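Visitor: pasting a predicted model and its sequence here:
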Amino acid sequence: MSDKQAQFLEEWASGTGLEFDDDAAKEAYVYKANLLKDAIQLEKAPDRVPIFPIITWAPVDLSNSSCKEAMYDADVLGQTFVDYAREYVVDFIGSPVICNHGPTLDTLQLHQYKWAGGGLGDNSAYQYIEKEYMTADEYDHLIQDPTDFMFRIYFGRIASALKPLTNVGTVYGIQEITMSNGLLISLGAPDVQEAYQALLKAGKQHFDWFNKLLPYLNKINSSGHPFGTGGAAKVPFDYLSDCLRGTTQFMMDMYRYPEKVMEACERLVPHMVKMGAADAIKNKNPMVFVPLHKGADGFMSDKQFREFYWPNLKALLNGLIAEGCVPVCFVEGSYNTRLEYLKEAPKGCVFYFDNTDMKKARQALEGIACIGGGFPISKILTGTPELVADATKALLDDVAGDGGYILGIGCAMDEAKEDTLKSFIKAGKEFGKY
């Protein structure tokens with residue numbers, strides 16, 4: 001672990017800059033945050049393993065509110081997360097901002113997703129609409145100028161209100177008075193003006209929404225509950241296949257244009273690092289959430305993983321650590337055949353597993369990286385409290401070891417059951433002691 005990373009972790013774990021309700025709340029915060037800090041640093045905590053089930057919509061699901069109410073009313077959303085933190089007493093909590101704001105999405109006329117109140121029922125989590133938002137012949141544009149491509153091309157393809165931005169001239173037009181006409185004229189077109197007005201309106205809506213949520217975020221912290229993440233980033237391979245080309249097209253690109261795929265992935269690494277680190281630094285929380293979507297066993301061959309996925313994942317990890325951040329990789333699917341690669345990861349990473357054999361993960365990454373997760377969501381949703389308690393104890397017996405493990409559930413929870421989730425947390429505190 002680098003000195004910069006260790007310092008950032010220490011500052012976060014100490015609660016520096018936070019205001020607490022009282023001394024007891026500060027003590028609770030520092031205790032929990034240091035559980036995670038010790039696990040990340042592969043040290044044996046003085047008490048027990050940290051408990052961090054990753055959540056998305058679960059606090060809303062466990063409340064009397066609907067997803068639609070939460071997306072269209074910041075007070076409803078914020079209160080469900082405050083109630084969850086108080087009622088379930090986990091060590092770390094996710095931020096309600098992950099649920100997003102319905103009116104902002106309405107203003108943008110976003111068609112990349114459906115959500116409660118935006119094409120889905122009132123109690124539905126949002127759903128991604130995967131399409132080919134970038135054509136194969138646009139790789140060069142993306143590689144040469146990712147920001148220009150995203151702003152002038154991509155935005156208009158995922159949000160109808162921003163479609164006129166494709167007619168805006170490039171920013172390089174503003175360099176000399178004699179060369180500025182094209183850009184300025186394009187900015188004055190009525191449809192372009194409307195697109196910018198929609199973007200400004202959406203920005204104001206989101207700004208106001210966040211500031212309405214802020215007292216709830218502060219309440220969670222001030223009452224002694226640390227947030228588990230400070231920022232997020234994506235592996236360039238996943239970003240390209242999820243958001244730009246679409247899975248089917250991108251899989252064919254690996255055969256048709258392998259050099260372009262690798263060049264684009266490499267080109268996007270610094271942007272992903274900057275995105276994740278900027279939010280982590282702003283939020284004074286070193287944890288950067290990195291979902292690994294397409295690297296799982298069986299999704300591609302070992303050769304393809306080695307050539308296309310691992311190099312830019314490793315570069316992303318190194319880049320985040322160089323900024324003092326802690327990459328928290330959510331390892332979706334199974335990585336049983338990929339563990340040998342993860343052994344090459346830089347010190348200071350967390351690998352939070354979904355369906356990977358946790359005994360194998362512990363054995364492969366012992367002394368190398370902190371591991372977490374591994375508890376099946378199916379047991380939370382369909383099991384009994386007794387079954388959950390027994391399964392939690394069995395998992396801890398297998399992988400808690402002498403530190404470097406975070407007890408968690410192998411998915412981001414959209415749903416949960418009160419009795420089984422509480423049983424999971426209680427068992428973690430009882431059986432996760434060193």
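Guide: Cool, got the structure.

Visitor: for the host helix or strand of G372, which strands pair with it and how are they oriented?
Guide: According to DSSP states H and E, G372 maps onto strand 370-373. The pairing partners recorded for strand 370-373 under DSSP bridges are strand 350-353 (parallel), strand 405-406 (parallel).

Visitor: now tabulate these in a markdown table and tack on distance to C99, mean neighbour count and mean pLDDT.
Guide: Backbone N, C-alpha and C define where each C-beta goes, glycine included. Shown next, in a markdown table, are those (distance: least, CB to CB, whole Å; neighbours: other CB atoms under 10 Å; pLDDT from 0 to 100):
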| stretch | distance to C99 | mean neighbour count | mean pLDDT |
| --- | --- | --- | --- |
| strand 350-353 | 20 | 26 | 97 |
| strand 405-406 | 23 | 26 | 96 |
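
Visitor: which outside residues touch the strand holding G372?
Guide: Here strand 370-373 makes contact (CB atoms under 8 Å, 6 or more residues apart in numbering) with 39-40, 42, 52, 54, 330-331, 349-354, 358, 361-362, 365, 399, 404-410.

Visitor: mind redoing it with 7 Å?
Guide: With contacts defined as CB atoms under 7 Å, 6 or more residues apart in numbering, strand 370-373 is touched by 39-40, 42, 52, 350-354, 361-362, 365, 399, 404-406, 408-410.

Visitor: now swap in stretch 142-153 and tell me
Guide: Residues contacting stretch 142-153 (CB under 7 Å, 6+ apart): 134, 138, 141, 165-166, 168, 170, 263-264, 267-268, 271.

Visitor: mark which of these are buried, thanks.
Guide: Using 16 or more other CB atoms under 10 Å as the burial test, the contacts of stretch 142-153 include 134, 165, 168, 264, 267-268, 271 as buried.

Visitor: where do the strands sit along this structure?
Guide: Secondary structure of the chain (DSSP state E): strands at 113-116, 119-120, 127-128, 231-232, 287-292, 326-331, 350-353, 370-373, 405-406.

Visitor: redo those strands as JSON lines? Include distance to L187.
Guide: Below are the strands of the chain laid out as JSON lines (distance: least, CB to CB, whole Å):
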{"stretch": "strand 113-116", "distance to L187": "28"}
{"stretch": "strand 119-120", "distance to L187": "32"}
{"stretch": "strand 127-128", "distance to L187": "32"}
{"stretch": "strand 231-232", "distance to L187": "32"}
{"stretch": "strand 287-292", "distance to L187": "35"}
{"stretch": "strand 326-331", "distance to L187": "39"}
{"stretch": "strand 350-353", "distance to L187": "45"}
{"stretch": "strand 370-373", "distance to L187": "48"}
{"stretch": "strand 405-406", "distance to L187": "49"}
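
Visitor: how near is the nearest residue to L199 once chain neighbours are set aside to Y128?
Guide: In this structure, L199 finds its nearest non-sequential neighbour in L162, 6.4 Å apart by CB to CB, 6 or more residues apart in numbering. From L162 across to Y128, the span is 18 Å (CB to CB, to the nearest Å).

Visitor: for P376, same thing?
Guide: P376 sits 23 Å away from Y128, taking CB to CB as the criterion.

Visitor: neighbour count for those two, which is higher?
Guide: Set P376 next to Y128 and count neighbours by other CB atoms under 10 Å: P376 wins out with 17 against 10.

Visitor: please look at the more buried one and G410 and confirm they touch.
Guide: Yes: P376 lies in contact with G410 (CB atoms under 7 Å); the separation is 6.1 Å.

Visitor: give the buried residues for stretch 157-173.
Guide: 157-159, 161-162, 164-165, 168-169, 173.

Visitor: tell me which residues touch L342, please.
Guide: Contacts here follow CB under 7 Å, 6+ apart; on that basis L342 touches 335, 351, 364-365, 369.

Visitor: tabulate those (JSON lines), appending distance to N181.
Guide: Output for these, formatted as JSON lines (distance: CB to CB, whole Å):
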{"residue": "Y335", "distance to N181": "54"}
{"residue": "F351", "distance to N181": "53"}
{"residue": "A364", "distance to N181": "61"}
{"residue": "L365", "distance to N181": "59"}
{"residue": "A369", "distance to N181": "55"}
